[in-house]
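> sequence and computational prediction follow.
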Amino acid sequence: RLLEFAIHAYRRGKGRVVGYFQFMFVEPWEGITWAVVDVERVPKKGYHALKEASSPVLISLLPFHGQLPVGANPLMEVWLINDLDRPCTLRYRVSLEGPRRLLVLEGETSLKAQEVQQVFHFSETWELPSAEKLGLAELGPQLAALPAGEYTLAGEVWEGETLWSRHTLRIQFYTP
């Protein structure tokens with residue numbers, strides 16, 4: 001979780017942050033280390049986090065908190081990062097997956113080569129087009145009707161039929 005968190009933060013800071021590297025990629029001996037591949041060359045969980053967070057096109061979600069009362073909006077920000085040397089038109093979708101599935105946000109945008117774009121920020125929803133505002137207004141009662149429990153906030157970004165990135169975060173809804 002720490003690798004994923006850090007790399008997503010670095011990627012969102014593109015322009016101010018010029019790169020990152022993984023310290024100690026492979027364990028040189030059996031032991032507890034920072035490596036993401038063990039001494040037998042078997043990938044650990046950190047390897048998969050590093051691989052997914054290093055996708056050339058990335059969706060990055062920021063939740064409000066990991067634990068929220070039922071009815072609260074879990075999504076604070078959505079970022080799209082394009083590290084390709086070409087522009088691309090992307091479709092993104094964010095949903096809650098758990099005891100009940102709920103679409104939180106979807107849209108389409110174009111990114112220039114090497115561009116980072118914040119496509120959603122909860123405090124800026126007043127600036128959204130009317131149709132998107134209506135969609136978010138309808139989301140409130142649906143969030144309030146969710147049963148308490150463990151959910152996954154999942155974001156996906158597609159270019160045509162290609163799924164570039166999927167970012168998931170665990171969210172716990174509790175009864176207020």
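Received the coordinates, thanks.
> just the strands in this protein please.
57-63, 67-69, 75-82, 88-97, 102-111, 116-121, 149-159, 162-174 (DSSP state E).
> other SSEs contacting the first one?
When contacts are defined as 3 or more C-beta pairs under 8 Å, 6 or more residues apart in numbering; DSSP states H and E, strand 57-63 sits against helix 2-12, strand 75-82, strand 88-97, strand 149-159, strand 162-174. From N, CA and C alone the C-beta is placed, and that goes for glycine too.
> output the below-cut-off pLDDT ranges for this protein.
The chain contains residues with pLDDT under 70 at 124-137.
> would CSV of the helices and strands packed on strand 57-63 with mean neighbour count and distance to residue 46 be doable?
Below are these laid out as CSV (neighbours: other C-beta atoms under 10 Å; distance: least, C-beta to C-beta, whole Å):
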stretch, mean neighbour count, distance to residue 46
helix 2-12, 16, 5
strand 75-82, 22, 20
strand 88-97, 18, 23
strand 149-159, 18, 20
strand 162-174, 16, 16
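> out of these, which gets nearest to residue 29?
Distance to residue 29, taken as C-beta to C-beta, is lowest for helix 2-12 among those, at 21.0 Å.
> circling back: nearest to residue 32 among the helices and strands packed on strand 57-63 would be which one?
Nearest to residue 32 among the helices and strands packed on strand 57-63 is helix 2-12 (14.5 Å), distances taken as C-beta to C-beta.
> how far out from the middle of the chain is that closest one?
Taking C-alpha atoms, centre = their mean, to the nearest Å, the mean C-alpha location of helix 2-12 is offset from the chain mean by 10 Å.
> please apply the same query to stretch 61-72.
On the basis of C-alpha atoms, centre = their mean, stretch 61-72 sits 14 Å off its chain's mean C-alpha point.
> closest to residue 138 out of the strands of the chain?
Residue 138 lies closest, by C-beta to C-beta, to one member of those: strand 102-111, at 10.1 Å.
> strand partners (parallel or antiparallel) of that closest one?
Under the criterion DSSP bridges, strand 102-111 sits next to strand 88-97 (antiparallel) in its sheet.
> any idea of the angle the strand it pairs with forms with strand 162-174?
Relative orientation of strand 88-97 versus strand 162-174 (axes from the mean of the first three to the mean of the last three C-alpha atoms, to 10 degrees): 30 degrees.
> noted, bye for now.
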